[in-house]
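**Student:** Give me coordinates for this.
(4 chains)
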Protein chains: 4
Amino acid sequence: MAPPRLRVGCAGLGRMGKRHARHFLERTARAELVAVSTPDETEFQWARQHLEPYGVTIYKDYDQMLKHEDLEAVVVASVTTVHAEQAIKAINANKHVLCEKPLSTSVEVSQTVVDAARKRPHLKVMCAFSRRFDDSYRDAFNKMDAGLIGRPSIFRSQTCDMLDPSGFFVAYAEFSGGIFVDCSIHDIDLALWFFGQDSMVKSVVSSGITAVQPALQKHKDCDNAVGIVEFYGGKIAYIYCSRMMAAGQEDSTEIIGTEGKVTVNTQPMSNLVNIYEPGGIRREIPQNYYGRFEQAFVNEANEFTAACLDDLKLPMKLTGAVQAVKIGCALQEAMVTGNKIWFDETGVRIERPQL
Amino acid sequence: MAPPRLRVGCAGLGRMGKRHARHFLERTARAELVAVSTPDETEFQWARQHLEPYGVTIYKDYDQMLKHEDLEAVVVASVTTVHAEQAIKAINANKHVLCEKPLSTSVEVSQTVVDAARKRPHLKVMCAFSRRFDDSYRDAFNKMDAGLIGRPSIFRSQTCDMLDPSGFFVAYAEFSGGIFVDCSIHDIDLALWFFGQDSMVKSVVSSGITAVQPALQKHKDCDNAVGIVEFYGGKIAYIYCSRMMAAGQEDSTEIIGTEGKVTVNTQPMSNLVNIYEPGGIRREIPQNYYGRFEQAFVNEANEFTAACLDDLKLPMKLTGAVQAVKIGCALQEAMVTGNKIWFDETGVRIERPQL
Amino acid sequence: MAPPRLRVGCAGLGRMGKRHARHFLERTARAELVAVSTPDETEFQWARQHLEPYGVTIYKDYDQMLKHEDLEAVVVASVTTVHAEQAIKAINANKHVLCEKPLSTSVEVSQTVVDAARKRPHLKVMCAFSRRFDDSYRDAFNKMDAGLIGRPSIFRSQTCDMLDPSGFFVAYAEFSGGIFVDCSIHDIDLALWFFGQDSMVKSVVSSGITAVQPALQKHKDCDNAVGIVEFYGGKIAYIYCSRMMAAGQEDSTEIIGTEGKVTVNTQPMSNLVNIYEPGGIRREIPQNYYGRFEQAFVNEANEFTAACLDDLKLPMKLTGAVQAVKIGCALQEAMVTGNKIWFDETGVRIERPQL
Amino acid sequence: MAPPRLRVGCAGLGRMGKRHARHFLERTARAELVAVSTPDETEFQWARQHLEPYGVTIYKDYDQMLKHEDLEAVVVASVTTVHAEQAIKAINANKHVLCEKPLSTSVEVSQTVVDAARKRPHLKVMCAFSRRFDDSYRDAFNKMDAGLIGRPSIFRSQTCDMLDPSGFFVAYAEFSGGIFVDCSIHDIDLALWFFGQDSMVKSVVSSGITAVQPALQKHKDCDNAVGIVEFYGGKIAYIYCSRMMAAGQEDSTEIIGTEGKVTVNTQPMSNLVNIYEPGGIRREIPQNYYGRFEQAFVNEANEFTAACLDDLKLPMKLTGAVQAVKIGCALQEAMVTGNKIWFDETGVRIERPQL
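**Tutor:** Prediction:
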């Protein structure tokens, strides 16, 4: 008899939800997609066509899906505004949870998910920081962890999306939490990974511009921004986020240590093809986040599944997801106010310290 | 009710067989591994542990496996010497066949598989040239096919394995058909793909050395060899094969056209990581063929499955696999004898033509 | 009769002075090195051996050198502390001046050079920002200038020296003006070049650490630092400086525009050689600033010479060199105090503005 | 008093001659261009304008130039057909000689230059294989020479010019000796350098096509060709030459040893700039041979000068230049006849040996 497979439900079938659903349906051997939920009619019809034939039950109501027989785990891939609420409901219904990032655009709300999870320590509750599952990032981390670069000291990272002239991001900015919370959250999570999950932020400062989407200003957001995050213990992360790239998605990272450096994707490429043509040599790069990280999402699904089935430790702490939101929100605030924001060594926000 | 899945059996559980079995078990959503066969006790025990729990039936005898209830398709991943025989038996038993390369080290025997397949045109019979399923090669082909490089004229390709100091390849050379048949068969198949499946070879010449494994000479084989394959119509392929690479697997290809060039893997890398350290900047490369082409094998399994289930055209003709063996054998002979070997425009071997 | 050659004297024969002297002696066809001056005995002896045989007069006293018959131009390559004084003396003696960077570590003193030069508009007075003469930087600038990337908006640049474990930089820090004035001055100058020489700085903020040289703290300096420089008009430069690189000199720059990006040296290399070896593929990179920019220095010497002889416009304004010092000093102060420093649109320092 | 400078004359002021003249005039500190000769009126006028003002005497007659007072060295940069004759005259007139490649398109004629030089062993007589003076090639050679790749065994090299649609190369083919003698001579010389100057060729075979210039057939030449050169002692060079590149000049080389590999220019680039734009990331490459090797030519001029002045050993033997012509001519013949050409271990051409 075949070993049991994890019975998974997926909440939300938007851009990310469809991907998660498909990964658990087709590319996660030890899991079984048994249910999905969506309040959206178009998404519902998509599920009728693409999921129902494979035995997936479709719910219009999230709470109903939670009651699906023998459901063991839930992927929360809904709009950001309900991430926390749905995650907490799932936890309370005794389901494992894989929640899309961010838990919330609010630090306090994010923390409520951690609080809920703490009461059910047997559950696996993970915020989906997909880059942690990318082979290149893991290789870089392992090399650093093995001492190859000495003590990591400076961290540079960027999340840069291709220019989307449709104006989508202007509307999106109303609820996204801002570019630092929406995009840079990945870089912040990486900084916490490479510098140590319990690194304490000391100060945050940032600047932004609206180079191509001046309409973002009405949401107090920018299309390009840079920030510096100082950590206690002599570590600095500096980051760049943009929605203006011409060539495609450019998410790259450097970790500089006292004895060396590892870089990830500082020479971006889609694949191993080069084109020699009048004008020079050209290579293409991924056009969006999924183009760069598809395999990482699949790894994430498989490893989350294994963690649930085999009661393995998750690769990251849920508290880190709150830290990431905290730093992202501080960067966003610093960009809007022009202020440098300080924290003491216990993480409490303070006026600027005596130096 | 879920759509039907293709019921697959796998013959042979050596290095490649294990991989095929796992791909069909875990990474081919529309297929189901139902049976395997192996005469080897160690492989049998491996299957007991890794496959049986998932409902896979294990046979010691290939013929018995062919009788497995409702079996629809067979992967032939046994030793090269029985590829053709097993493929033909499967065809005659009305199964679809995915046969590892080469069909045989003999042109004549390879042709018998084609002959058998011709009698059952409703079956999908494919020789597993994995590079055809690699994203980079496909991208390069599509770019060429779209006219990006004009008329393809010169083709350079190499299959270069990392040095294996164990001497494994010396023993292996007794049955491998020689380095051109074992390694370069991939490059030859690519040449036929890029130049057109029906390209006719005009002449073949080659030279080889034993730089690190002089013992290969007893099998009339070499550890490094280069060859030139001229095709009718003004096209030339030149190839290099080696079992002596220091850094890892180096399989790279260039297709040079009248208006441009596409290259695949001329700057090899394992992933997107670079290491900056005293001595310079370093990147790792795949250590073996599977490290480079794992995803291509998975694509192959999925597409073969789809072709069987949906009666789709296979991406390549089976006759091409015979052409590849023919050219590989001619290169091997040219290396051993020092002769240049000529063919007329119908593919018949001739003495050197009048020029 | 051969056309006249520019008669050049070189003040200072330290690390940079020796290079300038040799470039004007051997690699500047239209110039002639006629004199050098140095108060240092070792340097004097070096000049006896390497310059005197070629007819170069050696002075111990700078003022004496200025009186050398028919001297037309002076290269100031002495210690930073006398750059301004020597440059002004040369100007007053009616000589063209190529002055090593920075003019001074003080904004006010730097300005005195500009003031002196203004009184002699027929003289060519240039601060030696060598990167302006580098082929790659020029190519990048020309591409940007031709509109290839739209409107330049974000500028990232770094000057990163290889780790020098000798502790040289600790002693050096006493007079260098600090890492932002010593190293980042180049990046700041580049930002002014790419954003426009008259760009006005709006705010400056920075953070630094002492990862490998804690002794730098006594000079209020760091071995790694990052900074953000906002300019009026929606432009941001962010920079990194380090003295801790393991692999070698890493000076790289990105200019991100509304429609594209150009990068310089984001994939560093010494030359076109790659080494394939166990462990992967490796390439070496320049070990120091001169290794990277030797040809730029030679170009600089030749173009300065041509500007003097043919009365051509210099490639950059001298006022820019004061701006660069101003921004560098502000970055250094921001690093030491933790403050964000603001300027109004006329360049006057202000308390933080109302937003 | 300044040390003496080498008094150089340059014969021929065509494309290459102009470059050599300028290098010796402006970029070779220890040499002095004192005379040039050209029978061509346009070249003569060019010299009037660009060289005469600097004191260079212009001759219409080569023999007259040889009599120029105190002339010490001659650069032969005339048309290939007179290389040997002019070189021999210069030797007999007791001048050092830097002769453009090839010495001649005939092996016998090439040998006459060697014979003449042998009688004047105090003279420096060098065939200008410019790649020997390229920093990257030298670095690769030194790494190999230091044992980094074990025993060099396989050598791949190509000389590939950008497509010149003007048809220039068709006319040029009448006297060039053919593509293997004109282009591949560099690769052959490199093979002799890396494998050892006294390596003995064992066999030669090649194939060519006319992909873009069918008119070349009337001169029995091709626009793309590949060849294999076997050397005694288990070494193989394989080469590619083309006049059809779309992106620019592509001259790249790999030397594969028993323990590693070094490559030169397998990832071509003009400089350190990358352009990110819709469609991907692009870099430009040199558009012609001089764009790639300008600095090598300058190095060549300086080192030839130093060898003459200081009586230093030249970096390569003149006999190697004859070997290179011999192999180039054999490749060209093999391409035209379709034959494989064999040599015995003393270099004598033979019928195919018994194996």
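**Student:** Residues of chain A that sit close to chain B?
**Tutor:** Contact residues, chain A versus chain B (Cβ under 8 Å from any Cβ of the partner chain): A:1-3, A:25-27, A:29, A:53-55, A:135-136, A:139-140, A:143, A:148-149, A:259-278, A:284. Every residue, glycine included, has its C-beta placed from N, CA and C.
**Student:** looking at chain A, which residue lies furthest from center?
**Tutor:** A:Pro278 (39.5 Å; Cα atoms, centre = their mean).
**Student:** Surely it and D:Ala246 touch.
**Tutor:** Yes - with contacts counted by Cβ atoms under 8 Å, A:Pro278 reaches D:Ala246, the gap being 5.4 Å.
**Student:** what touches both of the two?
**Tutor:** B:Gly260 (Cβ atoms under 8 Å, 6 or more residues apart in numbering or on different chains).
**Student:** could you show me where the helices are in the stretch 151-300 of chain A, in order?
**Tutor:** Remark: helices assigned in the stretch 151-300 of chain A by DSSP state H, counting those that start in this stretch are A:168-176, A:179-182, A:185-195, A:289-310.
**Student:** Which of those helices has the lowest mean pLDDT?
**Tutor:** When the helices of the stretch 151-300 of chain A are ranked by mean pLDDT, helix A:168-176 comes last with a mean of 85.
**Student:** In the stretch 101-250 of chain A, which residue sits closest to chain B?
**Tutor:** A:Ser136 (4.0 Å; Cβ to the nearest Cβ).
**Student:** So that residue belongs to a strand, correct?
**Tutor:** No - according to DSSP: H, G, I helix; E, B strand; the rest coil, A:Ser136 belongs to no strand; its state is helix.
**Student:** which of the residues of chain A next to chain B are buried?
**Tutor:** Neighbour counting over the residues of chain A next to chain B (16 or more other Cβ atoms under 10 Å in any protein chain shown) leaves A:25-27, A:29, A:136, A:139-140, A:143, A:148-149, A:259-277, A:284 as the buried ones.
**Student:** Also near chain D: which of the residues you listed, exactly?
**Tutor:** A:268-270, A:276-277, A:284.
**Student:** Closest one of those to chain C?
**Tutor:** Nearest to chain C among these, with distances taken as Cβ to the nearest Cβ, is A:Pro268, at 10.2 Å.
**Student:** Quickly note the distance from the nearest residue to A:Met200 once chain neighbours are set aside to B:Cys222.
**Tutor:** Sequence neighbours aside, A:Tyr232 is the residue nearest to A:Met200 in space, at 4.7 Å (criterion: Cβ to Cβ, 6 or more residues apart in numbering or on different chains). From A:Tyr232 across to B:Cys222, the span is 61 Å (Cβ to Cβ, to the nearest Å).
**Student:** Settle it for me: which of these two has more neighbours?
**Tutor:** The neighbour count for A:Tyr232 versus B:Cys222, taken as other Cβ atoms under 10 Å in any protein chain shown, is higher for B:Cys222 (28 against 14).
**Student:** pretty sure the more buried one is in contact with B:Gly208, am I right?
**Tutor:** Yes - judged on Cβ under 8 Å, B:Cys222 makes contact with B:Gly208 at a distance of 3.0 Å.
**Student:** Please identify every residue contacting each of those two.
**Tutor:** Going by Cβ under 8 Å, 6+ apart, residues that sit against B:Cys222 and also against B:Gly208 are B:179, B:335.
**Student:** and the helix or strand containing A:Ala87, how far out from the chain's middle?
**Tutor:** Secondary structure assigned from DSSP states H and E places A:Ala87 in helix A:83-92. Between the centre of helix A:83-92 and the centre of its chain there are 18 Å (Cα atoms, centre = their mean, to the nearest Å).
**Student:** What helices and strands are in contact with that helix?
**Tutor:** helix A:62-66, strand A:73-76, strand A:96-100, helix A:107-118 (3 or more Cβ pairs under 8 Å, 6 or more residues apart in numbering or on different chains; DSSP states H and E).
**Student:** Tell me which of these approaches A:Arg349 most closely.
**Tutor:** A:Arg349 lies closest to helix A:107-118 among the helices and strands packed on helix A:83-92, at 10.4 Å (Cβ to Cβ).
**Student:** Could you pull up the mean pLDDT of the very next helix or strand once past that closest one?
**Tutor:** Next along the chain after helix A:107-118, taking DSSP H and E as the criterion, comes strand A:125-128. Averaging pLDDT along strand A:125-128 gives 96.
**Student:** Each with direction, which strands does strand A:125-128 pair with?
**Tutor:** strand A:96-100 (parallel) (DSSP bridges).
**Student:** ok now the partner strand, how far from the chain's centre?
**Tutor:** 12 Å.
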